[in-house]
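Colleague: give me the fold of what follows.
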Amino acid sequence: DTVSGSGTSLDFGSILTPGNYTVSAYNTATGCTNNMSGSVNVAVNPLPFPYNVTGGGNFCFGDPGVNIGTDNSDLGISYQLYRGTTPVGLPVMGTGGGALNFGLMTTAGTYSVVARNTSTGCTATLANTVTVGVNPLPTVRTVTGGGSYCAGGIGMDVNLSGSQAGVNYELYYNGFVMGPAVILAGTGGALNFGPQTQAGIYTVWATDGFTGCMKKMTGSATVNINSLPIQFDVIGGGEYCSGGTGVHVGLSGSSSGISYQLYNTGASGTPMSGSGGPIDFGSRTAAGTYTVVGRNLLTGCTNTMTGSATINVKPLPNDYAVSLGGNYCDGGAGIDVNIPGSDDNVEYQLFRGTT
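Modeller: Got it, this is the predicted structure:
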């Protein structure tokens, strides 16, 4: 449309069609026309190409984060990363056919990229956005249990004070994965990894079954193995005649700090303390098989000594009353002395007084 003169400069508005533009003036009173001097060109500058934003995703809390970049870039174009409406870092210049990397992002949010032609000032938002999410780590629980046990025992339990459903808990031994692996699924309650027999330090790592995020549980459990008392030989024993003083039972050696108890079906006598040398439990009169158990007074660990001593009590010959005897006349044949019975394999000796 024509624009009427006002005595001042004129603005024909925004022109969107590219081309060469001139102005012709027409006097409505006289009908005279005149072309204004000069002309101007209108050209349309292209927008930066909307390449794709790459990267993003979820990462575990405490990890370095995830990279964000573009799959391509052009020379003369600067690329600005945004989280929502907030610029992140400084613009990165395009390389002319190469991908860009804005680095590791650790803040959750939706990220976009705006491309700007540094010559024309034209801008364009790249084709897509990417999201960064931070996955939480498993909740920290406390490792408990452990302690000392006697060699050959069942070991000591290792426990965890609590657990989460969907999280797997793996036992580590001296900083390494147990072999074979010991893994328990979280139940929402405390966990028991069972008795552990290897001496060392036990820890637990938790792994989220969905995100894969891992977290070491607090604390540790230490298992120690106490050695058993050294074995010595049980000595002595044998046979004796009923009514005698019995026979001795002993031990070939002993260790300081160890208490030794003699047994024959039950405990026989009181324990004796080791001195580093042999032990004599004294004369024993009860028939049977005698064993000895050593007990460490500090750790409570016990061990049965090697071998045993057997005592047999030999019965006395049957008692038959001596009979007859009496007086006889001087020069006579004497008086018989008898016993009313006798046993095979038994010899009988007559005594006058002690003779």
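
Colleague: what sits against the nearest residue to residue 17 once chain neighbours are set aside?
Modeller: Distance criterion CB to CB, 6 or more residues apart in numbering; nearest residue to residue 17, sequence neighbours excluded, is residue 42 at 6.9 Å. C-beta here means a position set from N, CA and C on the backbone, and glycine is covered the same way. Counting by CB atoms under 8 Å, 6 or more residues apart in numbering, residue 42 touches 15, 17-19, 21.

Colleague: what's the first helix or strand after the helix-or-strand element of the chain with minimal mean pLDDT?
Modeller: In the chain, no helix or strand scores lower on mean pLDDT, DSSP states H and E than strand 323-324, which sits at a mean of 88. In the C-terminal direction, the helix or strand that comes right after strand 323-324 (DSSP states H and E) is strand 337-338.

Colleague: now do that following strand: distance to the chain's middle.
Modeller: With CA atoms, centre = their mean, to the nearest Å as the basis, the distance from the averaged C-alpha position of strand 337-338 to the chain average is 89 Å.

Colleague: ok, now stretch 12-29?
Modeller: 83 Å.

Colleague: start at 48, not 1
Modeller: Done: numbering now begins at 48, and the last item shifts to stretch 59-76.

Colleague: would you mark the buried spots in stretch 344-361?
Modeller: Along stretch 344-361, the positions that meet the burial threshold by neighbour count (16 or more other CB atoms under 10 Å) are 346, 348, 350, 352, 354-358, 360.

Colleague: the residue nearest to residue 64 pairs with what?
Modeller: residue 66 (DSSP bridges).

Colleague: picking up where we left off before, which residues touch the least confident helix or strand of the chain?
Modeller: Residues outside strand 370-371 that contact it (CB under 8 Å, 6+ apart) are 382-387.

Colleague: if we use 6 Å, what do you get?
Modeller: Judged by CB atoms under 6 Å, 6 or more residues apart in numbering, the contacts made with strand 370-371 from elsewhere in the structure are 383-385.

Colleague: from the contacts of residue 89, pick the one nearest residue 270.
Modeller: The shortest distance between residue 270 and any of the contacts of residue 89, using CB to CB, involves residue 65 and amounts to 83.5 Å.

Colleague: number of residues surrounding that closest one?
Modeller: Counted by other CB atoms under 10 Å, the residues lying close to residue 65 total 10.

Colleague: near residue 363, how many other residues are there?
Modeller: For residue 363, the tally of surrounding residues (other CB under 10 Å) stands at 11.

Colleague: so what's it up against?
Modeller: Contacts of residue 363 (CB under 6 Å, 6+ apart): residue 289.

Colleague: where does it land in three-state SS?
Modeller: Three-state secondary structure (criterion: DSSP: H, G, I helix; E, B strand; the rest coil) places residue 363 in coil.

Colleague: quick one: it from residue 288, how far?
Modeller: Distance, residue 363 to residue 288, by CB to CB, to the nearest Å: 6 Å.
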